[in-house]
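Asks: Please find the sequence and the predicted model below.
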Amino acid sequence: QVQLVQSGADVKKPGASVKVSCKPSGYTFTGYFIHWVRQAPGQGLEWMGRINPNSGVASYADKFQGRVTVTRDTSISTVYLDLDGLTSDDTAVYYCARGGAGTGAFDYWGQGTLVTVSS
Amino acid sequence: VLTQSPATLSLSPGDRATLSCRASERLNNFLAWYQQKPGQAPRLLIYDVSDRATGVPTRFSGSGSGTDYTLTISSLEPEDFAVYYCQKRDNSPMFTFGPGTKLEIK
């Protein structure tokens, strides 16, 4: 069965960077886009960016351009989200999600990773 | 931009629920709906306006075109009380979620 397993919760100080990992299984890693979506406490969902695991080409929401990098390591079938210049506004649960084939939807989601930014 | 209404919907089990999602411009039929319960990741319910995702009960249905879309739950079960988000993809492609509708027990 399809699963996306994310790294554990993290606490960072303002100005630091965070790296969150996402390891899909149960399907061909290079066959589907992986997206990153975040959710601040008590707030809605916000799309951050995506990567094509086959080509390694990533694209990002305008809001995060220059501050976020999504990469993948095909040797271990893992996708990474790097977010720089953290502020308290980046405190959120970060989800990876698989892009459904031929659709604009996200059909499988990781369990989420809580990133807390606090001094 | 996506707008969802109402922000909160109070209904009873067995009722019919109608949730609205309006776009600021015509969509290309890449419109999806998700259900999220507290402490859980979102779950895909509907994609491409009206296609049910794998394992989604038939009481959930999606419809709409142009700028106006609807998620209908024909007869509410206790487990359906949650927050529902619509989501679009544009041609860039960029992906946007609506602010959500909280479906609560009356």
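Replies: Yep, that arrived. Numbers count the residues shown, from 1 in each chain, chains lettered A, B, ... in the order given.

Asks: who's in contact with the closest residue to residue B:24 other than its chain neighbours?
Replies: Counting by Cβ to Cβ, 6 or more residues apart in numbering or on different chains, residue B:24 lies nearest to residue B:1, which is 4.4 Å off, once chain neighbours are set aside. No exception for glycine: its C-beta is placed from N, CA and C like everyone else's. Contact analysis of residue B:1 by Cβ atoms under 8 Å, 6 or more residues apart in numbering or on different chains lists B:23-24, B:96.

Asks: Out of these, which end up buried?
Replies: Buried subset of the contacts of residue B:1 (neighbour count, 16 or more other Cβ atoms under 10 Å in any protein chain shown): B:23, B:96.

Asks: which residues does residue A:86 contact?
Replies: Counted by Cβ under 8 Å, 6+ apart, residue A:86 has contacts A:12-18, A:115, A:117.

Asks: Please produce JSON lines containing the contacts of residue B:1, extended by pLDDT, distance to residue A:83 and secondary structure.
Replies: Formatted as JSON lines, the contacts of residue B:1 follow (pLDDT from 0 to 100; distance: Cβ to Cβ, whole Å; DSSP: H, G, I helix; E, B strand; the rest coil):
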{"residue": "B:23", "pLDDT": "95", "distance to residue A:83": "28", "secondary structure": "strand"}
{"residue": "B:24", "pLDDT": "93", "distance to residue A:83": "28", "secondary structure": "coil"}
{"residue": "B:96", "pLDDT": "96", "distance to residue A:83": "19", "secondary structure": "strand"}
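
Asks: Next, give phi and psi for residue B:78.
Replies: Reported as degrees, to the nearest 10, the phi and psi values for residue B:78 are phi -50, psi -30.

Asks: Number of residues surrounding the residue nearest to it when sequence neighbours are not counted?
Replies: Excluding the flanking residues, the one nearest residue B:78 by Cβ to Cβ, 6+ apart is residue B:13, at 5.6 Å. Residues lying near residue B:13 (other Cβ atoms under 10 Å in any protein chain shown) number 13.
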